[in-house]
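> Sequence and predicted structure, then a few things I'm wondering about:
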Amino acid sequence: MRAQVGSIALLSIAVALSSIHGQSSTDTARAATGQTKAQPKTSGTAQSEADAVRLNQLSQRIDENPNQAFPYLERGQFLFSRGRTGEAIEDLSGAIENDPKLGSAYMYRALCYWRLKEYENVLRDLNKAVELEPSSSFNIAKRGRLRRVLKDYPAALADLNRALEINPRDANAFVDRAYTYEAMGHCVLHFSTSLTDARPPFESQPNEFCQRATSDMQQARKLDPDILVRGAAASITDDPSNPRAWSTRASWHYTNKNFKEALTDAERAIELDPNFANAYLTRAASQLGLGQPKEALATLDQALSLGCDRERASQLRASIFIKLKDYEKALEAASQAIQMRRDSPFNYMKRSEIYMAMGDLDHALADAEEWVRFGPGQPGGYIRRGYLYSQRGDYDAALRDYDRALAIDPNNARAMENRGYVFFRKGNVEDGERLIREALKLDPKLADGYVDLAEIALSRGHREAALNQLEQAKRSDPSDRVTEEIERMLRRIQGQ
């Protein structure tokens, strides 16, 4: 039963069908009239044989139906997907000439102009697409994204709100609205997993816009965990030689706990720019995630020599020494991070964790109090403080804190699981078990819940059921902490 928090990085503008980058291009936009039905030139282009066959088929359809819009639209879409933006604009303009009410042609041409950063043309075509298809959440959301890029935040917010009313599951619209709120609130969103220990999750200044930004980004990632990875991948497609694009994707892979992929991308960023300090930080964090703390420590020293963010480095160093069970050095690193930023809830969370590992509940509780003080809107502080109260036997105080956490986030599986365990410890086994099972429905990988159920089964004399729950816990989370909990329970079972 541990409060877990996590956070790192940024997002570039992506729009390719559902997201594309405002990227540079060697193509130039040609006139939309007079040349719209010209065949695109194919000589000198590097395309696969399959692409050449497909392009020939599309061209034949235009020859057979020169006055129909769809063949031009289809070939324009294909050319756009292959990065041949100027030729795509010619075909899409041809489609519009043949059918001025074809909303999808305006949308695709807007995406082409976006790629060329011709934002006036983008807005003109998006306005037309929305006019022709007023119920299309896709069109409205894309216009909202453009208005965000152009820093017209009230108009962007109006479009994104409307798009989400039409389609409440549009993850891209949630991302754009999150960044709109972020700009309006003058705050910064950061991300990580519980192992990153580089920034708190979605840390922001305590104002309404920043809280909305946090909520929207969390919802986007809940709907589509890989949405930010794909955004970074689009940047890599645009410019494979850009180390920042590789480093950004590494960060998002790390956020999703894809440590191997994160390490590969971070090393590619370093290969392209050996002095890119942030890439070294991500490589160190990924090595730690892969169970390589000594390698992570060496990489972290390289990051520091290049002038990386020293607070982040101290946070990560604390995590490395926790993994190495060198708690004195971990405590020193965590305290250094606090000295650098005394109002960070995350820094107090990390030091509280170290004190807990050292068995110093008084200092752990004191840091949990600071976590709550600087992050009153974060459920994690209340969960940690409640856990520490429960360890001291003050179950009523623990329940009050878990209730506060659930008031902030009613679906917080960790708070619900801890609350259930306290009920069990107080003798209310049935309600305790019910809450723990509800928590596992919310988060089936919450290993502590299975350990709790094993303890409940053991209290009833059900040895086999307890062993089955421990096996499930091991499958859910093979971390050292959970393994130690499982070994503790196994010793109890063997003692019976």
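Yep, it's here.
> Low-confidence regions, the stretch 251-400 of the chain specifically.
Within the stretch 251-400 of the chain, no stretch has pLDDT under 70.
> now with 90?
251-257, 278, 309, 343-346, 374-378 (pLDDT under 90).
> hang on, isn't Tyr387 packed against Tyr421?
No - the criterion here is Cβ atoms under 8 Å, and Tyr387 misses it with Tyr421 at 9.2 Å. Backbone N, C-alpha and C define where each C-beta goes, glycine included.
> Please state the offset of the helix or strand containing Arg434 from the chain centre?
Secondary structure from DSSP states H and E places Arg434 in helix 429-442. Put simply, helix 429-442 sits 28 Å off its chain's centre (Cα atoms, centre = their mean, to the nearest Å).
> distance of the closest residue to Lys323 other than its chain neighbours from Phe80?
With Cβ to Cβ, 6 or more residues apart in numbering as the criterion, Lys323 has its nearest non-adjacent residue at 4.3 Å, and that residue is Pro293. Using Cβ to Cβ, to the nearest Å, one gets 47 Å for the distance from Pro293 to Phe80.
> repeat for Cys187
35 Å.
> Between the two, point out the one with more neighbours.
Phe80 (23 against 19; other Cβ atoms under 10 Å).
> returning to what we had before: from what I can see the residue nearest to Lys323 touches Ile320, true?
Yes - with contact defined as Cβ under 8 Å, Pro293 reaches Ile320; the gap is 4.9 Å.
> more crowded one of the two?
Ile320 (26 against 19).
> how close does that one sit to Ala364?
20 Å.
> Repeat that for Pro168.
From Pro168 to Ala364 the distance is 41 Å (Cβ to Cβ).
> show me where the stretch 151-300 of the chain has helices.
153-166, 171-185, 208-223, 227-238, 243-255, 259-272, 277-289, 293-305 (DSSP state H, counting those that start in this stretch).
> For the closest residue in space to Ser135 that isn't next to it in sequence, report the pLDDT, please.
Among residues not flanking Ser135 along the chain, Ile166 sits closest, at 6.4 Å (Cβ to Cβ, 6+ apart). Confidence at Ile166, expressed as pLDDT, is 97.
> for Phe191, same thing?
54.
> tell me the phi and psi of the closest residue in space to Pro225 that isn't next to it in sequence?
Distances taken as Cβ to Cβ, 6+ apart place Asn256 nearest to Pro225, at 5.8 Å, with adjacent residues excluded. Main-chain dihedrals, Asn256, degrees, to the nearest 10: phi -90, psi 10.
> Report how many residues lie close to Asn256.
16.
> Same check on Ser241?
9.
> thought it was touching Glu271?
No - Ser241 is beyond contact range of Glu271, at 10.5 Å (criterion: Cβ under 8 Å).
> who's in contact with the closest residue to Glu295 other than its chain neighbours?
Excluding its sequence neighbours, the residue lying closest to Glu295 (Cβ to Cβ, 6+ apart) is Gln287, at 4.6 Å. By Cβ atoms under 8 Å, 6 or more residues apart in numbering, the contact set of Gln287 is Leu263, Pro293, Glu295, Ala296, Thr299.
> Would you point out the most distant pair within those?
Farthest-apart pair in the contacts of Gln287 is Leu263 and Pro293; separation 13.9 Å (Cβ to Cβ).
> From Asp176, how far off is Leu132?
On the measure of Cβ to Cβ, Leu132 and Asp176 end up 22 Å apart.
> Then Asp265?
24 Å.
> Looking at Leu132 and Asp176 now, which is surrounded by more residues?
Neighbours per residue (other Cβ under 10 Å) separate Leu132 from Asp176, with Asp176 holding more: 31 against 17.
> My guess is the more buried one contacts Gly144. True?
Yes - between Asp176 and Gly144 there is a contact under Cβ under 8 Å: 5.9 Å.
> who touches both of these two?
By Cβ under 8 Å, 6+ apart, the residues touching both Asp176 and Gly144 are Ala156, Leu160.
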